[in-house]
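Chemist: no letters, just coordinates:
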């Protein structure tokens with residue numbers, strides 16, 4: 001699996017060097033072919049005899065997929081994990097009593113994949129103590145430049161302290177202690193937070209309070225907004241920005257190496273280290289809150305008008321949803337100092353998040369805050385996720401305004417009405433209004449994209465354009481990047497043509513005015529080099545006080561602004577099996593290949609641009625009968641969850657709903673094909689675990705069960721058996737399938 005994942009490194013696959021592309025990469029593909037053949041031989045050993053059919057039907061196709069066109073390294077790493085997961089699912093099918101132990105051992109060696117925000121996994125399943133320590137050892141190897149290749153660009157920070165934090169979820173504090181034990185054993189002093197701490201406060205403490213030249217790096221034990229069953233480890237180099245891809249690729253590969261070689265990971269007793277002065281505890285809440293309140297006074301951060309905020313909200317109630325997260329006490333401390341009436345919900349410590357499936361301040365998980373705002377007649381509600389890097393805002397009438405509404409409002413407020421300068425950076429799933437509004441920022445000419453330049457991701461070797469010209473993706477006023485705060489943060493360190501600044505200027509943090517993403521994260525000029533939900537909510541309050549009206553009123557002004565239109569946007573997170581997830585993305589990239597702009601339609605709208613990355617993303621610009629290009633479709637396959645994220649935006653709600661419905665119909669079709677191809681009841685159960693029930697899919701399941709002669713009651717029992725171990729977000733899906741099958745038996 002390591003050879004299949006790593007043979008053909010990302011840095012080679014993204015290179016334009018003809019020698020690498022024409023000679024070296026084909027050799028790596030041949031090596032992957034040999035590894036595939038070796039894996040086939042391995043799975044034909046006598047130990048797997050009782051699973052012969054399952055392996056041939058389910059594992060061999062996965063192995064073959066490593067050789068598919070455009071199956072680049074990031075997607076091969078994902079696929080290596082899928083092989084391990086599929087083998088793990090065979091445990092209940094195994095007739096040989098010795099097989100479960102072997103399958104568990106294979107699963108324990110699953111490749112540790114890093115996403116844009118670190119390494120995450122299910123507690124005790126993917127995320128184990130052994131793996132966590134291996135990952136931390138790999139981070140220590142990087143910080144100490146221990147056998148680190150030159151292309152990773154590591155700097156030796158040996159003997160400098162590591163700042164270690166954790167969020168509020170169950171076990172996070174224990175993971176932080178593991179981190180501290182390994183870092184100390186590698187010679188790094190440790191500054192460990194004394195309580196669960198928001199990500200932005202941790203980064204502020206490291207890079208501003210202590211100073212980036214005084215630390216080795218930051219390690220945060222958080223899985224962000226994921227359910228409490230998940231754990232994560234996120235690494236930020238000493239400058240505070242999320243670790244770049246070249247660094248996370250090294251950390252993942254080195255952690256996997258430690259896993260393969262069974263490296264003995266060193267550890268240090270924390271009590272002894274504390275006595276020796278090598279371990280100290282800290283709590284940044286006071287320093288961080290003071291720093292927020294001093295924004296712009298002695299630096300180039302965006303200043304907020306605290307007096308105006310105090311005056312506007314003096315007799316208005318604000319409801320804060322802390323979502324049992326690490327932000328407990330932060331917003332209330334700031335609002336208390338300002339004298340603003342406020343009340344809290346979900347403010348108590350609950351490591352399993354209480355009634356919340358997700359501690360994410362987005363629809364539908366923010367409905368408790370909506371209800372509380374209406375119940376109390378409050379003027380607004382503000383929410384933050386588990387580690388405090390996401391924001392959410394509720395209007396007095398209980399309306400939740402999505403990030404793709406908040407960001408255009410903030411761009412107009414900061415760049416146009418306040419005439420502040422700096423880059424405006426958005427992700428590819430952002431609202432088209434961002435570009436229209438930013439064009440009106442007349443004082444911001446120095447921080448616009450270079451004329452005619454294309455967003456860097458569109459020229460990425462992985463990207464495939466099917467309809468339209470690359471010039472269709474030129475943006476005049478905003479910088480557009482892939483989804484993920486690490487890509488937004490990179491724009492502080494690039495020029496106006498998306499090229500790295502070398503050397504990095506002293507004022508690099510001030511080059512960005514605002515950077516935000518659809519998934520409710522943002523940062524601003526001079527602020528922490530990561531997302532900050534606390535600061536985002538304060539910025540929203542400042543905007544409301546400036547205009548003297550609630551968010552719905554500001555939104556009406558924005559959509560009526562010169563060149564803008566009323567925009568209706570939405571995101572559907574739809575559960576689907578891995579096969580259906582990939583098939584949906586690939587359908588749009590394959591079906592529309594070779595067509596000219598306007599020849600093809602989706603939901604009755606003409607496709608004028610379509611491009612994307614196989615297995616990962618498709619983005620579509622559509623034109624209506626009046627020639628307006630105000631309709632957008634994007635689809636992303638989550639790399640860590642069995643979810644397709646479907647983003648739609650249009651100047652008309654009916655068109656937006658039609659776009660979403662057509663994509664959902666297509667996904668339903670691919671899910672039906674997965675169900676029909678199930679070769680035994682176990683495989684059908686695996687598919688149903690991650691497939692949203694619909695009327696059509698129920699019919700497909702009934703027909704499949706009848707055609708195969710399978711017992712519906714037996715299928716229901718198989719679905720229910722692991723139900724207690726299923727994430728709460730999936731229990732409703734599994735329960736619905738189980739109940740329906742039981743009733744039809």
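Modeler: Perfect, thanks for sending it. Note that the structure is predicted; figures quoted are calculated from it, not measured.

Chemist: mind checking the SS state of residue 513?
Modeler: Residue 513 falls in the strand class when you classify it by DSSP: H, G, I helix; E, B strand; the rest coil.

Chemist: show me where the stretch 201-350 of the chain has its helices.
Modeler: Counting by DSSP state H, counting those that start in this stretch, residue ranges of the helices within the stretch 201-350 of the chain are 245-260, 270-275, 285-293, 306-312, 330-338.

Chemist: mind listing residues that contact the first one?
Modeler: Residues lying outside helix 245-260 but in contact with it, judged by C-beta atoms under 8 Å, 6 or more residues apart in numbering, are 2, 6, 9-11, 73, 77, 109, 111-114, 118-119, 130-131, 134-135, 137-139, 141-142, 148-149, 151-154, 235, 237, 243, 263, 265, 486. (C-beta placed from N, C-alpha, C; glycine too.)

Chemist: where does pLDDT dip in the protein?
Modeler: Across the chain, residues meeting the criterion (pLDDT under 70) sit at 639-642, 723-725.

Chemist: rewinding a little: from the contacts of helix 245-260, which would you call buried?
Modeler: Applying a neighbour-count criterion of 16 or more other C-beta atoms under 10 Å, the buried members of these are 2, 6, 9-10, 73, 77, 111-114, 118-119, 131, 134-135, 137-139, 141-142, 148, 152, 154, 235, 237, 243, 265, 486.

Chemist: in strands only, show me those residues.
Modeler: Taking DSSP state E, the ones among the buried ones among the contacts of helix 245-260 that sit in strands are 114, 118-119, 235, 237.

Chemist: would you tell me which helix is longest in this protein?
Modeler: Using DSSP state H to assign secondary structure, the helix with the most residues in the chain is helix 653-676.

Chemist: which residue is the nearest non-sequential neighbour of residue 692?
Modeler: Among residues not flanking residue 692 along the chain, residue 575 sits closest, at 4.7 Å (C-beta to C-beta, 6 or more residues apart in numbering).

Chemist: no no, residue 221
Modeler: Leaving aside its chain neighbours, residue 221 sits nearest to residue 166 (3.8 Å; criterion: C-beta to C-beta, 6+ apart).

Chemist: against residue 173, how distant is that neighbour?
Modeler: According to C-beta to C-beta, to the nearest Å, residue 166 stands 5 Å off from residue 173.

Chemist: now do the shared contacts for those two.
Modeler: The contact lists of residue 166 and residue 173 share 196, 221, where a contact means C-beta under 8 Å, 6+ apart.

Chemist: neighbour count for the two, which is higher?
Modeler: For residue 166 and residue 173, the more surrounded residue by other C-beta atoms under 10 Å is residue 166, and the numbers stand at 28 against 17.

Chemist: list the contacts of stretch 556-570.
Modeler: Contact partners of stretch 556-570, identified using C-beta under 8 Å, 6+ apart, comprise 402, 404-405, 408-409, 412, 431-433, 436-437, 439-440, 547, 630, 647-653, 656, 660.

Chemist: show me where the stretch 51-200 of the chain has helices.
Modeler: 52-54, 60-65, 73-89, 99-108, 129-143, 172-185, 199-204.

Chemist: got JSON lines for these, with distance to residue 560 too?
Modeler: Putting these into JSON lines (distance: least, C-beta to C-beta, whole Å) gives the following:
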{"stretch": "helix 52-54", "distance to residue 560": "60"}
{"stretch": "helix 60-65", "distance to residue 560": "50"}
{"stretch": "helix 73-89", "distance to residue 560": "42"}
{"stretch": "helix 99-108", "distance to residue 560": "56"}
{"stretch": "helix 129-143", "distance to residue 560": "50"}
{"stretch": "helix 172-185", "distance to residue 560": "45"}
{"stretch": "helix 199-204", "distance to residue 560": "33"}
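
Chemist: mean neighbour count, those: which tops it?
Modeler: When those are scored by mean count of other C-beta atoms under 10 Å, the highest mean neighbour count falls to helix 199-204 (a mean of 29).

Chemist: which residues outside that one are in contact with it?
Modeler: For helix 199-204, contacts defined as C-beta under 8 Å, 6+ apart pick out 163, 165, 167, 193, 218, 220, 222, 224, 234, 236, 240, 284-285, 287-288, 291, 326, 330, 387-389, 528-535.

Chemist: so this structure: which segments form each domain?
Modeler: According to automatic domain parsing, the chain is divided into the following domains: 1-111, 120-283, 288-399, 403-559, 568-676, 681-744.

Chemist: report the distance from the longest one to the chain centre.
Modeler: Between the mean C-alpha point of domain 120-283 and the mean C-alpha point of its chain there is a distance of 19 Å (C-alpha atoms, centre = their mean, to the nearest Å).

Chemist: and that domain, how far apart are its ends?
Modeler: Domain 120-283 has an end-to-end distance of 25 Å (C-alpha to C-alpha, to the nearest Å).

Chemist: same deal with the third one?
Modeler: Distances were taken as C-alpha to C-alpha; on that basis the terminal residues of domain 288-399 are 30 Å apart.
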